[in-house]
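Engineer: Fold the following and give me the result.
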Amino acid sequence: MGNFLVGVDVGTSGTKAIVMNEDGKVYGSHYITYKLITPRPGWAEHDPEDYWRAVAGTIRESIRQAKINPEEVKGVSISALAPACILVDKDLKPLQNGHIWMDRRGTAEAQFIREKLGDERVFQVSGNPIDPYYAAVKLLWEKNNRPELYKKAYKLQTAADYPCMKLTGKAVTDYSNASLIGIGYDIVNKKWKEEMFEEIGLDVDKLPDSFPCDEVIGEVTREAAAETGLAPGTPVVAGTVDATAAWAAGGATEDGDMSISMGTAGCMGFIHSKPTFTRNMITIVHTVDSRNMYTTCAATCAFGSVTRYFRDTFGEMELLKEKESGMDAYQLLSDQAEKTPVGSDGLITLPYFMGERTPIWDPVARGMVFGWSLTHTKAHLLRSFMEGAVYAVRHNFETVKASGVEMHEPLILCEGGAVNPFWRQMMSDIIGIQTGYMKDLKGAPFGNAVAAGVGTGIYKDYSMLKEKAEISELHEPDPERRAIYDKLYPLFRSLYEDVKHEFPVLAEVTGYK
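Structural biologist: Numbering: from 1, shown residues only. Below is the predicted model of the structure:
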């Protein structure tokens, strides 16, 4: 009998699970995709049962690949996109599609909370701003717009909580996800400020109890065992947010470590133990030592999603070639973009296709392409999309740096777009810092598996995450490219300031607020 651990990450596009032994060797891994539901501009939803089907399916296949006895699995941990608002009834059945982090429908609710509680009070308690991004705002939208559904709701669950609930039968959350429910979550003392929720008209008893990310909160039920292939009674820890699990997997475990997940969104984390927080940024309790550690998080709404949108909308020829020859459509498009001049011959994209989070917090902002001429090609447009996404990251990086947060280079790049060396080098050139890539980085599921191991006593601490983090490639900023970007970046910044007053007008005219 060996000691094996299961780590699962529920992402915006799909779910991945791994089975690994206590030395960190992966024996089985599987990925399942599902649909993002966008019923109207600014809205973004998932069917919560898609999470469960994907979690159960990926665990089952990973165990099959590993060829182990399910009794050898000593612990399970799940991370997920965050925040999300899924309401379940007393029978633990979902009442609606969950609205996820990129959903911007709660603009009126965010303004109401701002008027009732004030930005400063919310920041002092939660370390976070007020925005439709946070699950508490989404919950208030449910109350205001679907009051009968809200009355039926037993608990709010996040995208990590829901499959964890399906495994254990317990509707709880973890410190990391609770911090992104936000508004009245006391991030230092790890508890709900009841009076704050009462002031905005929310029932505190609909909020789940929160636990340390690595604390065992239940065991796999017989029903869940039948669907996942796990043994009944397998310990399940509380779980965490996907970004913090990914950063941890890349060795970001100590003060000053920094990492960015180049996934659907761009999520950059700065690790610290001091409970001091940066305004206009997101604060998340860290997966590692969640009782004491924090991450200051810079999070854009669109990063990898800009290339996926571009491929799906403008990449018909590349997708056809992928189908015919097996060549990757993303790579085919990226090769074209790489051949275009630095700065895309003056084509600049504001990447706010789904509004924006840090640091501008503008839910009605939208994408914009500036400087378009008849000389620009499809490749120029793609490069402009990619550069715009990185300009937005630079804006966040400079905001955090100005607040005095400790930063140790290199900035570790992981997930999604990090596999593309062209985009990695662009990150280094535009931000102006050394970046590092880990070719063999196992990602968020690996961070989860280690958390499960800490929670069940397989590991005494998280030190193996740093031990397993090996940088395979470093990128230094190229002086010539950086000089061009340094001239264009101020123009990128001024473009939003010049047009931001028009976005609310557009939202009013179209009704897409």
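
Engineer: Quick one: the strands in the stretch 1-150 of the chain, in order.
Structural biologist: 4-10, 14-21, 26-33, 45-46, 73-80, 84-88, 98-100 (DSSP state E, counting those that start in this stretch).

Engineer: got those as JSON lines, with mean neighbour count columns?
Structural biologist: For the C-beta atoms, the positions are set from N, CA and C on the backbone; glycine is no exception. Putting the strands of the stretch 1-150 of the chain into JSON lines (neighbours: other Cβ atoms under 10 Å) gives the following:
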{"stretch": "strand 4-10", "mean neighbour count": "31"}
{"stretch": "strand 14-21", "mean neighbour count": "24"}
{"stretch": "strand 26-33", "mean neighbour count": "17"}
{"stretch": "strand 45-46", "mean neighbour count": "22"}
{"stretch": "strand 73-80", "mean neighbour count": "30"}
{"stretch": "strand 84-88", "mean neighbour count": "26"}
{"stretch": "strand 98-100", "mean neighbour count": "26"}
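
Engineer: Could you export the host helix or strand of Glu497 as PDB, CA atoms only?
Structural biologist: Secondary structure assigned from DSSP states H and E places Glu497 in helix 479-499. Listed in PDB are the C-alpha atoms of helix 479-499, where the atom choice follows Å, rounded to 0.1, in the frame of the first residue of the first chain:
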ATOM      1  CA  PRO A 479      16.400  46.900 -24.200                       C
ATOM      2  CA  GLU A 480      15.300  47.800 -27.700                       C
ATOM      3  CA  ARG A 481      11.900  46.300 -27.400                       C
ATOM      4  CA  ARG A 482      11.400  47.700 -23.900                       C
ATOM      5  CA  ALA A 483      12.200  51.200 -25.200                       C
ATOM      6  CA  ILE A 484       9.400  50.900 -27.800                       C
ATOM      7  CA  TYR A 485       6.900  49.600 -25.200                       C
ATOM      8  CA  ASP A 486       7.900  52.300 -22.700                       C
ATOM      9  CA  LYS A 487       6.800  54.900 -25.300                       C
ATOM     10  CA  LEU A 488       3.500  53.200 -26.100                       C
ATOM     11  CA  TYR A 489       2.500  52.200 -22.600                       C
ATOM     12  CA  PRO A 490       1.700  55.800 -21.400                       C
ATOM     13  CA  LEU A 491      -0.600  56.100 -24.500                       C
ATOM     14  CA  PHE A 492      -2.300  52.800 -23.400                       C
ATOM     15  CA  ARG A 493      -2.900  54.300 -20.000                       C
ATOM     16  CA  SER A 494      -4.200  57.600 -21.300                       C
ATOM     17  CA  LEU A 495      -6.600  55.900 -23.700                       C
ATOM     18  CA  TYR A 496      -8.800  54.500 -20.900                       C
ATOM     19  CA  GLU A 497      -8.800  57.800 -19.100                       C
ATOM     20  CA  ASP A 498      -9.900  59.600 -22.300                       C
ATOM     21  CA  VAL A 499     -12.900  57.300 -23.000                       C
END
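
Engineer: how long is stretch 251-262 end to end?
Structural biologist: 16 Å (Cα to Cα, to the nearest Å).

Engineer: just how off-centre is stretch 424-441 within its chain?
Structural biologist: 19 Å (Cα atoms, centre = their mean, to the nearest Å).

Engineer: I figured Asp362 hits Tyr352, correct?
Structural biologist: Yes - between Asp362 and Tyr352 there is a contact at 7.0 Å, judged by Cβ atoms under 8 Å.

Engineer: So which of these two has more stuff around it?
Structural biologist: Tyr352 (24 against 18; other Cβ atoms under 10 Å).

Engineer: May I have the predicted confidence score for that one?
Structural biologist: Tyr352 carries a pLDDT value of 96.

Engineer: any idea how far it lies from Arg40?
Structural biologist: Separation of Tyr352 from Arg40 (Cβ to Cβ, to the nearest Å): 17 Å.

Engineer: Kindly reformat the strands of the stretch 1-150 of the chain as CSV containing distance to Leu381.
Structural biologist: What follows is the strands of the stretch 1-150 of the chain, written out as CSV (distance: least, Cβ to Cβ, whole Å):
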stretch, distance to Leu381
strand 4-10, 31
strand 14-21, 27
strand 26-33, 26
strand 45-46, 28
strand 73-80, 32
strand 84-88, 32
strand 98-100, 27
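
Engineer: Nice, that's everything, thank you.
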